[in-house]
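Enquirer: What shape does this take:
(chains A and B)
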Number of protein chains: 2
Amino acid sequence: MTSHDPQHDVLQVAARARAASHGLALATRAEKDAALQGMADALLARSEELLTANAEDVERAESGGTPANIVDRLRLTPERLAGMAQGLRDVAGLPDPVGEVVRGSTLANGLELRQVRVPFGVVGMIYEARPNVTADAAGICLKSGNAVLLRGSSSARSSNAAIVAVLRDAVAAAGLDADVIQLVPGDTHDSVKALMRARGHVDVLIPRGGAGLIRSVVEESTVPVIETGVGNCHVYVDASADLDQALAIVLNAKTQRTSVCNAAESLLVHQDVADEFLPTVIEALQGAGVTIHGDPAFAEYDDVVAATDDDHAAEFLALEISAAVVADVEGAIDHIRRYSSGHTEAIVARDQGTIRRFVAAVDSAAVVVNASTRFTDGGEFGFGAEIGISTQKLHARGPMGLPEMTSTKYVVTGDGHIR
Amino acid sequence: MTSHDPQHDVLQVAARARAASHGLALATRAEKDAALQGMADALLARSEELLTANAEDVERAESGGTPANIVDRLRLTPERLAGMAQGLRDVAGLPDPVGEVVRGSTLANGLELRQVRVPFGVVGMIYEARPNVTADAAGICLKSGNAVLLRGSSSARSSNAAIVAVLRDAVAAAGLDADVIQLVPGDTHDSVKALMRARGHVDVLIPRGGAGLIRSVVEESTVPVIETGVGNCHVYVDASADLDQALAIVLNAKTQRTSVCNAAESLLVHQDVADEFLPTVIEALQGAGVTIHGDPAFAEYDDVVAATDDDHAAEFLALEISAAVVADVEGAIDHIRRYSSGHTEAIVARDQGTIRRFVAAVDSAAVVVNASTRFTDGGEFGFGAEIGISTQKLHARGPMGLPEMTSTKYVVTGDGHIR
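Expert: Next up, the predicted model:
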């Protein structure tokens, strides 16, 4: 079905997505929720063909020598399929963002002004290994009224093709146009490039994956991009901190789950509590298996590795952390301005003035007071579904739920008004 | 002061802007409003040096054979300076968007969540002839807490340099850092290119000007862009329209001011009223000096030129309009989907179902019912100030006021919360 011209192929699926998006934009919440429930049912009813397709991907990965942890991300199980189905049902349970009146007024001349949420239209998703993202993204896009073009990893191509086939059948059975969910044809980088050049045909691109993928999309795309998820998150322990609370927060932020963007990667400690806090926090972190890349003050302790400039900027996603002693909250703010990726920074402190200064001066998607960085998450924030965590300042910043998957338009109603 | 490396020069002013932006982000409304009033006072107090600088630009343009209408855009007069000063005072009178709590809740675990408006940081403006944009943009950016890098037309370089010098002095006199307002050094295209490559140093770029300028910025910039202002606005006259109202709206939308993006460029008429409405509207438009590029139905009338496909897509910005007869509202929607630039489309109709269908199906920044397209404007919408009209779907769509010049951040407050 596909030609040897990736741009042509991508524009063809985009044109079908655009045509299908017109109907989806006007679908009622009841129609969309019925489709989502049907999609969930179908994932369960047709789990055998999904597991068979997935086995092909797993086998190819294993025989190609893919590391076991990557193969594990790729693997589907009945439990994981059940999780994907439940995710779709959860999205069905959320309010419909489309049609929400964001603001409205009657102007002095009697014109009625309303700003109303509308879908983007056609959304492109570029993502890596986990095939569950295919169902998650399809569900969130469908509920927010957007047609979606899915471009997963080529390592998951059989799984993604099978999942999309199942979801499309369910969408059609629910009376919507199946073309609201499509795979991007081709699995070379050329098809990604074609997607990034489809300005006017694709309204927004959302890359989800490692820093390299995101950087390349951001730099090459002429389609507007929402940048997600690189996190070099800091925890600053102030002189006024409850040090027991600080210890628990640092440990939780660093070790509760290391592979996620809201895990802490950098620790800053006020010099006035360094002598008291450093021995405790170093022992606790090292006891949990964490390698500490410390500044000279930290490096005086056993087994602390001397930190390089790169360490302070690193997103380790592992049992590693950079650490430094700072003169005061201003020193912490300066350090964060220099090294942070703008995801999440936490302060542990009791002094109100210090907290107020930190919250005002630190410019990240989330600033957390006396709590773990791990709370920056659509689920934790109560959004019910999350397409990613934006670390850019345009359009959406922080966890993105359904409302962030929409644009708005103004509706202006008059009675023959002219200027 | 500037080297021969435009990238280096731009990064240097961007670094100064970033440093200055930290203080501006925390400035109180009172401090910012005092600076804006001081800027307005200074434009008036130092009008002679501004007019002298402007005379250089005007002379250069005239001796270079620049058309008179372009020279007129370039020209400053005491009245235009007074208008610029009043614009700054108007911005001072508007609410401060920074610090507004957009949403907030207390989560099930007791964490307090607030989403708060914050400045972008550093904004780049790329714009054409009119030097008043220099003061307008500086004022809007300052009020919204953003440092601004201004890159005006080289034809206005003396005027812009003088205006920025005056504004910077006033900002410093008000106790803020003058580097929140800076000119981009250099007046070749290389400096524009350098600005577009300053990702991470400049947070958002806003091009204001003709379609060519905007397209080149959108395609070449790695800095996030807010696309503004190309308008191929349609007026659809339904069979249920009050035809007197329709005539007044068409004439107003086309002829009240032709050089603006919210002027009508395309007319669509329902076939059932074509025999009655076409003779009237053609006579009225031609009487106002408008050239009509019509489809075969229109082209049967005297002096109507046969429309090409390009005519239907054109933003004339002149006394010209494309025109077509459509079968019904669905035909109008299809035509608009094919040719519209997504700025503003109007319907004139009395039938509620038809209006509802048009409003739902037409996906433009503004959809206007029984009123002129000319109302899509920050001033008309009551925003008090406008930096441009966004025709993109990300971040802001339609007229952009002060709130659209901000991002948000989440502030999460706990008491030792961990996951």
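
Enquirer: C-alpha from now on. contacts and neighbour counts both.
Expert: Noted.

Enquirer: so where does residue A:34 fall, helix or strand?
Expert: helix A:29-45 (DSSP states H and E).

Enquirer: Report the mean confidence score over that helix.
Expert: Across helix A:29-45, pLDDT averages out at 98.

Enquirer: so after that helix, what's the next helix or strand?
Expert: For helix A:29-45, the following helix or strand on the C-terminal side (DSSP H and E) is helix A:47-63.

Enquirer: For that next one, enumerate the helices and strands it packs against.
Expert: Judged by 3 or more CA pairs under 8 Å, 6 or more residues apart in numbering or on different chains; DSSP states H and E, helix A:47-63 is in contact with helix A:68-74, helix A:157-173.

Enquirer: Check those helices for me and report the most buried one.
Expert: Among those, judged by mean count of other CA atoms under 10 Å in any protein chain shown, the one packed with the most neighbours on average is helix A:157-173 (a mean of 21).

Enquirer: I figured residue A:373 was touching residue A:233, is that so?
Expert: Yes: in this structure residue A:373 lies within contact range of residue A:233 using CA atoms under 8 Å: 7.1 Å.

Enquirer: Mind listing the shared neighbours of the two?
Expert: By CA atoms under 8 Å, 6 or more residues apart in numbering or on different chains, residue A:373 and residue A:233 have these common neighbours: A:262, A:263, A:264, A:344, A:345, A:346.

Enquirer: so which of these is the most crowded?
Expert: Ranked by neighbour count under the definition other CA atoms under 10 Å in any protein chain shown, the shared contacts of residue A:373 and residue A:233 are headed by residue A:264 with 34 neighbours.

Enquirer: What residues does that residue make contact with?
Expert: Contact analysis of residue A:264 by CA under 8 Å, 6+ apart lists A:232, A:233, A:234, A:235, A:250, A:253, A:254, A:321, A:373, A:374.

Enquirer: Number of residues surrounding the closest residue to chain B within the stretch 51-200 of chain A?
Expert: Going by CA to the nearest CA, chain B is nearest to residue A:120 of the stretch 51-200 of chain A, at 6.4 Å. Neighbours of residue A:120 under the rule other CA under 10 Å: 25.

Enquirer: Tell me which residues touch it, please.
Expert: A:145, A:146, A:203, A:204, A:405, A:406, A:407, B:393.

Enquirer: Excluding chain neighbours, what is closest to whatever residue of chain A ends up closest to chain B?
Expert: The nearest approach of chain A to chain B comes at residue A:395, 3.5 Å away (CA to the nearest CA). Closest residue to residue A:395 apart from its sequence neighbours, by CA to CA, 6 or more residues apart in numbering or on different chains: residue B:395 at 3.5 Å.

Enquirer: quick revisit: do you know which of the helices and strands packed on helix A:47-63 lies nearest residue A:41?
Expert: helix A:157-173 (8.4 Å; CA to CA).

Enquirer: Strands of the stretch 151-300 of chain A, start to end?
Expert: For the stretch 151-300 of chain A, strands defined by DSSP state E, counting those that start in this stretch occupy the ranges A:181-183, A:204-208, A:233-237, A:264-270, A:291-294.

Enquirer: Quickly compare these and say which is most buried.
Expert: Burial of these is given as mean neighbour count (mean count of other CA under 10 Å); strand A:233-237 ranks first at a mean of 32.

Enquirer: the inter-axis angle of that strand versus strand A:264-270?
Expert: Counting by axes from the mean of the first three to the mean of the last three CA atoms, to 10 degrees, strand A:233-237 lies at 20 degrees to strand A:264-270.

Enquirer: Tell me how far strand A:233-237 lies from the chain's centre.
Expert: Counting by CA atoms, centre = their mean, to the nearest Å, strand A:233-237 is centred 21 Å from the centre of its parent chain.

Enquirer: Show me what that strand is in contact with.
Expert: Residues contacting strand A:233-237 (CA under 8 Å, 6+ apart): A:243, A:246, A:250, A:261-270, A:332, A:336, A:340-349, A:373.

Enquirer: can you list contacts of stretch A:124-135?
Expert: For stretch A:124-135, the surrounding residues in contact (CA under 8 Å, 6+ apart) are A:70, A:73-76, A:80-81, A:84, A:88, A:137, A:148-153, A:155-156, A:159-160, A:163-164, A:167, A:192, A:195, A:202-209.

Enquirer: Enumerate the residues of the stretch 201-350 of chain A near chain B.
Expert: Within the stretch 201-350 of chain A, the positions near chain B by CA under 8 Å from any CA of the partner chain are A:203-204, A:218-220, A:222, A:224, A:245-246, A:248-249, A:252-253, A:256.

Enquirer: Can you flag the buried ones in those residues?
Expert: Taking 16 or more other CA atoms under 10 Å in any protein chain shown as the criterion, what is buried in these is A:203, A:204, A:218, A:219, A:222, A:224, A:245, A:246, A:248, A:249, A:252, A:253.

Enquirer: Save these as TSV, and put in pLDDT too.
Expert: Converted to TSV, those look like this (pLDDT from 0 to 100):
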residue	pLDDT
A:203	95
A:204	95
A:218	85
A:219	84
A:222	88
A:224	90
A:245	98
A:246	98
A:248	98
A:249	98
A:252	98
A:253	98
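
Enquirer: Dump those to JSON lines, plus distance to residue A:416.
Expert: Listed next are these as JSON lines, based on distance: CA to CA, whole Å:
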{"residue": "A:203", "distance to residue A:416": "33"}
{"residue": "A:204", "distance to residue A:416": "36"}
{"residue": "A:218", "distance to residue A:416": "45"}
{"residue": "A:219", "distance to residue A:416": "47"}
{"residue": "A:222", "distance to residue A:416": "40"}
{"residue": "A:224", "distance to residue A:416": "37"}
{"residue": "A:245", "distance to residue A:416": "64"}
{"residue": "A:246", "distance to residue A:416": "64"}
{"residue": "A:248", "distance to residue A:416": "65"}
{"residue": "A:249", "distance to residue A:416": "62"}
{"residue": "A:252", "distance to residue A:416": "62"}
{"residue": "A:253", "distance to residue A:416": "60"}
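
Enquirer: Quick check: the two most widely separated of those residues?
Expert: Farthest pair in those (CA to CA) is A:222 and A:245. Separation: 46.1 Å.

Enquirer: Which one of the helices and strands packed on helix A:47-63 has the poorest average confidence?
Expert: Note on the helices and strands packed on helix A:47-63: lowest mean pLDDT is at helix A:68-74, with a mean of 90.

Enquirer: continuing past that helix, what's the next helix or strand?
Expert: Per DSSP H and E, the first helix or strand lying C-terminal to helix A:68-74 is helix A:78-92.

Enquirer: Could you give me the buried positions within that following helix?
Expert: Result for helix A:78-92 [16+ other CA under 10 Å]: buried residues A:81, A:82, A:84, A:85, A:86, A:87, A:88, A:89, A:90, A:91, A:92.

Enquirer: Quickly check these for the two that are furthest apart.
Expert: Among the buried residues of helix A:78-92, A:81 and A:92 lie farthest apart (CA to CA), at 16.9 Å.

Enquirer: Would you confirm that the residue of chain A closest to chain B belongs to a helix?
Expert: No: counting by DSSP: H, G, I helix; E, B strand; the rest coil, residue A:395 falls outside a helix, being coil.

Enquirer: how far away is it from residue B:200?
Expert: 16 Å (CA to CA, to the nearest Å).

Enquirer: Give me the more crowded residue out of these two.
Expert: Ranked by neighbour count (other CA under 10 Å), residue A:395 and residue B:200 place residue A:395 first, with 20 against 13.

Enquirer: show me what contacts the more buried one?
Expert: Applying CA under 8 Å, 6+ apart, the residues near residue A:395 are A:226, A:404, B:394, B:395, B:396, B:407.

Enquirer: next one: phi and psi at the fifth one?
Expert: This means residue B:396. phi -140, psi 140 (degrees, to the nearest 10).
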